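Colleague: Just the structure for this:
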Amino acid sequence: MYENFTKQYPLSKTLRFELKPVGETAHYIQERDIIEQDQQRAEDYKEIKEIIDDYHRVYIEEKLSAPVDPKTGEMWITPEDFENAFSDYQRLKEDQKNTKNRGHWEDTQTALRKKLVKSFVGNGDLFKKELITRDLPAWLKQKGEWEEHKTTVENFNKFTTYFSGFHENRKNMYSDKDQSTAIAYRLMNGNLPRFFNNCIAYQKITEKYTHLELQIDAELLSTMGVESLDKIFQPQYFINLFAQSGIDNYQQLLGGKTEESGEKKQGLNEQINLFRQRVQKAAKQVAKDENKKAKKIYDLSGFTDLYKQILSDRETTSFVPEAFDNDKDFLGALAKFIELANTQEGLLENLENAVKKLEEADTQRVYVKAAGLTAISQNLFSSYRIVSAALDDYAGNNLKTKKQQEDYLKQKVFSIAGLDEILCEYIDRLEQDDPLHEQLAKLSNPQQPIYSYFLEAINTQKNTIGLGKTIAQVKPLLSLEELSKNRKLPKSEDDKGGKGFQQVQAIQKMLEAFMAISHTLKPLHLLDGRKPIDMPDMDTGFYAVFSKAYEAYNEHTITLYNKTRNHLTKKPFSTDKIKINFNNSTLLNGWDANKETADSRRCGCRLRPTLNFYCCRYSVSQRKSFEV
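Modeller: Have a look, this model is predicted:
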């Protein structure tokens, strides 16, 4: 009988053992500063990783600025490749539900990624010991920074195996695969569709509004290598936007620049927005004179920013370190975040203004991710099923085949206007005594429940959670040197807990309030995990503003939230582990008995003279003493 209940599944267990120095070993370790050396090496490891990443950034900039074969001088990827790709994208834009067009476009992106990564051919030394022993020193000397970093770099001359995992992670950047951590993916799957949409929008705007005069800094045009704006909004220009320097110039073109004197040079988006306001005002006046309702102007869209290059996207939250060393540093970062998020033209106000752009947007071309519909349904109707039931009802009544119904319901996104229409029609057909009629009527805009949900989302969250109150409770803590160590939990309803517990609760509530806003608006942000959801017909005017504002807000909020959680929940004593090397980078590298004497670099073996196991470490000169 018991045989049926045993040995049914494999079981994995982790065994932990403690190595205790015996005899003179402890004195040996202390006398030779073994722990201190490896502790310093662990600290230096954090610094040298930043140096290596700087080296990667320079390498990426150099290779992407001139993607040519060093042997033949021929370009790995050409401007003509993007002219052809643009044709494929236009076909997809004309009928984005056509699976053949979608597949062809995805094949084009794959081919472009494969071409681009040829720019990195011969990058093997980036992941070898020569990076530490030869390339970094030469590069730092060239920059005049060698003396500053010399000790750190040389500390790893004989410990290059430290970087095996780090190198594997960085290798992913140079892959041609369909993965969000790769340079080629960032360009061809993230930025290329955005750039093509901007080209299409520019062409429509300049053809229709011939009296629109865009003022561009001649120096910026010269830096971008063109004489006129028209040249930038051509498919083949994308080859100049691979490197971060090219992306920065493009972002300046769209968003403008504030000079050191405080003077603001308007970018294209601001100029187009001001022009749109004048045109809309004139249209309203004409409509008023004719006793008609003015139509919204959707074709004066702004342009969407490009994603930063891999590694360059890590610089925006530089005020938050990898880990906080003490409460003072943590509270300083918290103060900086509040300043960035909650001041005039700060992260939150910019996000609020971006969401208000929905009032000007074509909601047929603004999309909501399917993954967020259950939460929206719960918030609107106190039921997770209402929106999905409405979609099921629509599919069953309007689509003929089961395949069509399944494909429709499997969509990653649905338009706001489409959802509003489907939801209202579904509730309208229900029995008159169904409580959904009353719930819909109580909403601020019963004809557009999804639209009004997002338009009011930030204010709803601010009022529900009391964001202003949570910030006010945290501000007195920001001037402290450290938080109280008394984090005793409450024992009753009247007990507020220890002082430190109350401080942590106040910080947690504030950051969760900021996070709640991010979660509420997340369904509007067209990312599936880390991968962009490409909707060729999206309202670029709305997404140009919303994507930029949301990504900035989200990145700062999530980064600080995670680092705060790590800091406030860590033990009062250090649990950090460091690798003990005994000045040997391959110490005890495997337990093969044949290596104990054959491999001079291993310098260790196991002994079992009694019931206890002993780990023996010896120097290279003592190796023969352990031959059996």
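
Colleague: Count the residues that sit near the nearest residue in space to Q179 that is not next to it in sequence.
Modeller: Leaving aside its chain neighbours, Q179 sits nearest to Y185 (5.8 Å; criterion: C-beta to C-beta, 6 or more residues apart in numbering). Backbone N, C-alpha and C define where each C-beta goes, glycine included. When neighbours are defined as other C-beta atoms under 10 Å, Y185 has 25 of them.

Colleague: What's the mean pLDDT across stretch 223-238?
Modeller: The predicted model assigns stretch 223-238 a mean pLDDT of 95.

Colleague: Give me the residues contacting the helix or strand containing the residue nearest to Q179.
Modeller: Element membership for Y185 (DSSP states H and E) is helix 183-185. Outside of helix 183-185, the residues within contact range by C-beta atoms under 8 Å, 6 or more residues apart in numbering are 60, 64, 112-114, 116-117, 173-179, 309-310, 531.

Colleague: In the protein, where's the longest helix?
Modeller: helix 34-65 (DSSP state H).

Colleague: Quick check: mean pLDDT of that helix?
Modeller: 91.

Colleague: For it, list every residue counted as buried.
Modeller: 34, 38, 41, 44-45, 48, 51-52, 54-57, 59-61, 63-64 (16 or more other C-beta atoms under 10 Å).

Colleague: Same question for stretch 143-160.
Modeller: H149, T152, V153, N155, F156, F159, T160.

Colleague: ditto for stretch 19-30
Modeller: I29.

Colleague: And the contacts of stretch 57-72?
Modeller: Residues contacting stretch 57-72 (C-beta under 8 Å, 6+ apart): 74-77, 116, 118-123, 126, 139, 173, 183, 239, 242-246, 309-312.

Colleague: which residues of the stretch 451-600 of the chain fall in helices?
Modeller: All helices of the stretch 451-600 of the chain, identified by DSSP state H, counting those that start in this stretch, fall at 457-465, 467-474, 499-521, 540-569, 595-598.

Colleague: Can you flag the buried ones in the contacts of stretch 57-72?
Modeller: Among those, the ones that count as buried by 16+ other C-beta under 10 Å are 75-77, 116, 119-120, 123, 126, 139, 173, 183, 239, 242-246, 309-312.

Colleague: Now do the same contact list for the closest residue to D434 other than its chain neighbours.
Modeller: Nearest residue to D434 in three dimensions, chain neighbours excluded: I427, at 7.6 Å (C-beta to C-beta, 6+ apart). By C-beta under 8 Å, 6+ apart, the residues touching I427 are A390, D434, L436, H437, L440.

Colleague: Highest neighbour count among the residues you listed?
Modeller: A390 (22 neighbours).

Colleague: ok, it touching L430?
Modeller: No: judged on C-beta atoms under 8 Å, A390 makes no contact with L430 at a distance of 10.2 Å.

Colleague: Make sure I have this right: the residue nearest to D434 is in a helix.
Modeller: Yes: under DSSP: H, G, I helix; E, B strand; the rest coil, I427 falls within a helix.

Colleague: For R278, give me its contacts.
Modeller: Contacts of R278 (C-beta under 8 Å, 6+ apart): none.

Colleague: mind checking the end-to-end distance for stretch 473-492?
Modeller: By C-alpha to C-alpha, to the nearest Å, the extent of stretch 473-492 from end to end equals 22 Å.

Colleague: what ranges do the strands span in this protein?
Modeller: Taking DSSP state E as the criterion, the chain contains strands spanning 257-258, 264-265, 367-369, 413-415, 527-528, 531-532, 604-607, 614-617.

Colleague: Comparing these, which yields the minimum mean pLDDT?
Modeller: Between those, the one with the least mean pLDDT is strand 604-607; it has a mean of 57.

Colleague: about what we covered before: out of the buried residues of stretch 143-160, who's nearest L15?
Modeller: F159 (27.3 Å; C-beta to C-beta).

Colleague: any low-confidence regions in the chain?
Modeller: Counting by pLDDT under 70, the chain has low-confidence residues at 1-3, 5, 17, 313-319, 571-576, 585-628.

Colleague: can you rerun that using 50?
Modeller: By pLDDT under 50, the weakly predicted segments of the chain are 598, 600, 628.

Colleague: Return the residues in contact with G497.
Modeller: R487, K488, L489, P490, Q505.

Colleague: Can you go through these and name the buried ones?
Modeller: Judged by 16+ other C-beta under 10 Å, buried ones among the contacts of G497: R487.

Colleague: Make JSON lines out of the contacts of G497 and add distance to M535.
Modeller: Formatted as JSON lines, the contacts of G497 follow (distance: C-beta to C-beta, whole Å):
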{"residue": "R487", "distance to M535": "47"}
{"residue": "K488", "distance to M535": "52"}
{"residue": "L489", "distance to M535": "48"}
{"residue": "P490", "distance to M535": "49"}
{"residue": "Q505", "distance to M535": "41"}
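
Colleague: Quickly name whichever of the contacts of G497 is closest to P235.
Modeller: Nearest member of the contacts of G497 to P235, counting by C-beta to C-beta, is Q505, at 54.1 Å.

Colleague: Would you report the backbone torsion angles of the nearest residue to that closest one once chain neighbours are set aside?
Modeller: Excluding the flanking residues, the one nearest Q505 by C-beta to C-beta, 6+ apart is G497, at 7.6 Å. In terms of degrees, to the nearest 10, the main-chain angles of G497 are phi 90, psi 180.
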